[in-house]
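Q: Let me see the structure of the following:
(3 chains)
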Amino acid sequence: MAEIKLNNLTKRWGEFVGVDSQSLHIKDREFLVLLGPSGCGKTTTMRMIAGLEDPTEGEVWIGDRMVNDDLPKDRDVAMVFQNYGLYPHMTIFENIAYPLRARGVAKSEINPRVEKAAEQVELTQFLDRKPKALSGGQRQRVALARAIVRTPKVFLMDEPLSNLDAKLRVTMRAELKHLSRELQVTTVYVTHDQIEAMTLADRVAVMKHGVIQQLGTPDEIYNDPANLFVAGFIGSPAMNLINGSVEGGEFVTTGGTRLVKLNTADRDKAILGVRADDMNVHGAGQGDIDVKIYAFENTGESTLLTVQWGRQRVIARGDRHLRKEQDDVVGISLDADHLYLFDPETEDRIRI
Amino acid sequence: MRDNTLKYLLVLPAVVVVFATAIWPLIEAARLSFTVGRLNRPGSLEQYLGWENYTWAFLEEPAFWNSVWVTAVYTVLTVGLTTILALGLALLLAPGGRLRSSAQTLLILPFAMSPALIGVSFRFMFNPEFGLFDAFFGVLIPPLADVSWLADPNLAFAVVVMADVWGWIPFLTLVLIGGLASVPRDTIEAAQVDGASGWRVFRDVTLPQLGPVLAVVIILKSIFSLKTFDQVFMLTNGGPGTATQTLSHYIYFNGMKYGQIGYSAAVAWLMVIPMIFLTYAYAKFVFRKD
Amino acid sequence: MTGKQRRQFWSAVHAVLILVAIFIMLVPIVWIFLAAFKTHVDVYQLKLFFTPTLENFDIVFDDPYRLGQKLFNSTFVALVTVIIAIPIATLAAYSFSRFSMRGETMMLVIILATQFVPAVVIILPFFVMFRDIGLLDTRTGLILVNLAIVMPFAIWMIKGFIDGIPMDTEEAAMVDGSSRLQVIRNIVLPMAAPGLLTSAIFCFIIAWNEFLFALILTNKEAVTLPIGLALFKGEEGDLWNLLSAAGIIIMAPMFVLALMIRRYFVQGMTMGAVR
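A: I've put the predicted structure just below:
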């Protein structure tokens, strides 16, 4: 078990910058999620920790050892791959045993350890089969078992749930969380799925264009986004971002609607961020402003109202018993405690 | 060992073999092409005479120009006929089903046959007395009944072309079936829904998307047609006279039968030049995506 | 005609065309198969029905033809060529597939290009060299030049198979504690085994059918089967019944091998330009 330190880690392929001088300190026993859209450098960062990719610049530390020059096999990490990377010509038992055998663990020790790992992921009855004979979820468990059969310093997981169907993903997510809290091993987990990040992580690092945009607990990145990108990336539906300006302490949309009082200096251009959940739906005339419904959607557990707000459309979440029709007029009020203001030029958060 | 060293070590044996068996002979052949190069005259392989072998071929040798002409006509005919017939057969066989897939399996057979043996079998098939194809043609086109195919310059040429086309259709067909399978089904269905006739669907949708595969096939077949030797040697041995003497056969004849290694190396190098262009074109397709 | 009738009509036309195509493709092969079992009297007549005989196969293995020796030469040369080529090609193909090297594209293009060099160019210097060092008419000499035509196919074909093995699996093995060479031995080779066998068979067929090199380099001791065909040109013309028997011996094993790997023929021949 160990902490991981990345110092000014950079990966370039010719002109293309994959990871741009990032530093990150992952604490011992921490579950850290690297979150971002595809191509943001999250997988590259993880592969540099594993030693599957050589950094162009910077250092990777695992524990108190600088591992830049160590081969993957010497880094004492275990990794779960997106496509599992199972050995198709070996049985499940042999797959799980491989990390032990490759490291020369005594034969007498291999059996009990493989069986224990298989038990932990509920695979005991499949040990004689080949990967081909298993379902996607079961293969995923094999990959997991292969990682936990040893006690490595670090677990690395590269989008491990992305190949499962939606329902299985939810189940496996819970199992993964349970297992990780039980094992207490430092874990780096790469995903583009914000729900996985929110539910699994101790801390989340949101990445874009090879740069970490924000590092914080799930609470922090959801409730206190550092910039426009994080605000727009986290949350479903995505945070509403309304263009406008700040005039006389009030936010004014580009369409000229005066919205809310804000304690901030005037500025020509600003973006107001508000989550669908922080917009309250009222009857016509009862909210801050009246708007017309562009589309009304009932998702079962709540309702989503896309409303026309001047020239922009925003989404508000309504009560699950609310029933409206397209073109109906409703009143909307904003929850003044959960508003975010951004600078459209720098995309940084403006603290109110 | 670090990958950076290992990766070069792994390719080293292959590079050595390829160099020794292909690059060195090419360079050595180039050297020989500037020598007197008579097999039976010791020392002549080191006796340099500049570009004389090349100028000799260009200026003094009608037989060289004859083989260039034969090879050119042969290449154009075989490439054209094989491509068109294979495309037709591929369209027939592409839809699948039991008859069609057994036909596809059978296509492997001629393809696994030694070209020399194809030459032999066509000589057999066109024997004026007991050749089966000779009999067919005799029934279809009466003036051709029992003619001595291989004794007539034009007919012999036709037989050589037929043998080549017969031997290559299976391969091209299989490639084109693969190409047809990779044309997205929905683009064809979209055209059908849009009201295009079968022929228009083929011309406007299928054929353009088949373009790259067709190009690969044509380049590859051109390369093999230019090199043709085996069938010709077994079927006509270049004859009657020099009516079917391809460049490869001409080089073989001058080098091995007359012992003019220097001269035949020069002609061989003249033949390498079009290959370089064709290989370049081919390589562009191979590296298209990566 | 109604739409349905028209469809039926066309599918009948297609079926007929397919049968005609199959017929044309098969006739020369079938004809040789038949002729191999005809007596030397029957073979000189256009006969479909005859009393089959096996005597042709006896004759070709006897003096003066001694096809057995050619059969041995062909098998030996093709086999050894493949045994040398496949391991060397596999190592190179792995490296080409998994690493990027300086001049990699260049190397691959050159390897591709050597395949397209006319065999007659390559053979001239080899003939001169072999004459000087006494390798003419030896199986060793033949194996050496056969490598020239087999290696490029082998490298490109095996590279195609290795490209198809997911990186994930290898990387998993490296993280699990294997060195690169252990990865190649424990993971890549077992996973690529079917592809390696396919490539080996493909190269065997090419070496077996090779004609020009054997024609030029051999005359007595190392003669291979395709060159052996020339033996059956008698004073009174071609001995078709014997030629056909020899033909069967040349092509029948190749048919069996080719059918085993038929899915990969296109990939092999086009060296990755058509996938």
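Q: From B:Tyr250, how far out is C:Gln8?
A: Shown here: C:Gln8 relative to B:Tyr250, a distance of 54 Å by Cβ to Cβ, to the nearest Å. Bear in mind the C-beta positions are built from the backbone N, C-alpha and C, glycine included.
Q: When these two are compared, which one has more neighbours?
A: Taking neighbours as other Cβ atoms under 10 Å in any protein chain shown, C:Gln8 and B:Tyr250 compare with B:Tyr250 leading, 26 against 12.
Q: Low-confidence stretches in chain A?
A: For chain A, applying pLDDT under 70 flags the ranges A:1.
Q: Tell me which residue in it sits closest to chain B.
A: A:Leu71 (8.1 Å; Cβ to the nearest Cβ).
Q: Is that residue in contact with C:Ala173, as I believe?
A: No - with contact defined as Cβ atoms under 8 Å, A:Leu71 does not count as touching C:Ala173 (11.9 Å).
Q: who's more crowded, those two?
A: Set side by side, A:Leu71 and C:Ala173 show more neighbours around C:Ala173, with 25 against 18, by other Cβ under 10 Å.
Q: so for the helix or strand that one falls within, what's the average pLDDT?
A: If you go by DSSP states H and E, C:Ala173 is part of helix C:167-175. Taken as a whole, helix C:167-175 carries a mean pLDDT of 91.
Q: so for the following helix or strand past that helix, what's the average pLDDT?
A: Beyond helix C:167-175 on the C-terminal side, the first helix or strand identified by DSSP H and E is helix C:180-183. The predicted model assigns helix C:180-183 a mean pLDDT of 90.
Q: Are helix C:180-183 and chain B in contact anywhere?
A: Yes - applying Cβ under 8 Å from any Cβ of the partner chain, one finds helix C:180-183 touching chain B at C:180-181.
Q: near chain C, which residues of chain A?
A: So chain A meets chain C at A:50-52, A:71-73, A:75, A:77-79, A:81-89, A:98-99, A:102-103, A:143, A:146, A:156 (Cβ under 8 Å from any Cβ).
Q: Show me those that map onto helices.
A: A:50, A:98-99, A:102, A:143, A:146 (DSSP state H).
Q: Pull the contacting residues for B:Val213.
A: B:175-176, B:178-179, B:182, C:274 (Cβ atoms under 8 Å, 6 or more residues apart in numbering or on different chains).
Q: quick one: which of those is nearest to C:Met157?
A: The closest of the contacts of B:Val213 to C:Met157 turns out to be C:Val274 (Cβ to Cβ; 12.6 Å).
Q: so what pLDDT did the closest one get?
A: C:Val274 is given a pLDDT of 62.
Q: Ok, C:Phe255 next?
A: 91.
Q: So it is in contact with B:Leu107, correct?
A: No - contact status for C:Phe255 versus B:Leu107: not in contact, 12.0 Å apart, counting by Cβ under 8 Å.
Q: which one of the two has more residues nearby?
A: B:Leu107 (24 against 18).
Q: before we move on, back to that, save the contacts of B:Val213 as TSV, and put in distance to chain A and secondary structure too.
A: Below are the contacts of B:Val213 laid out as TSV (distance: Cβ to the nearest Cβ, whole Å; DSSP: H, G, I helix; E, B strand; the rest coil):
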residue	distance to chain A	secondary structure
B:Val175	29	helix
B:Leu176	32	helix
B:Gly178	25	helix
B:Gly179	28	helix
B:Ser182	23	coil
C:Val274	26	coil
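Q: Could you give me the ChimeraX selection string for whichever of these are buried?
A: Selection of the buried residues among those in ChimeraX, burial being defined by 16 or more other Cβ atoms under 10 Å in any protein chain shown:
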select /B:175,176,178,179 /C:274
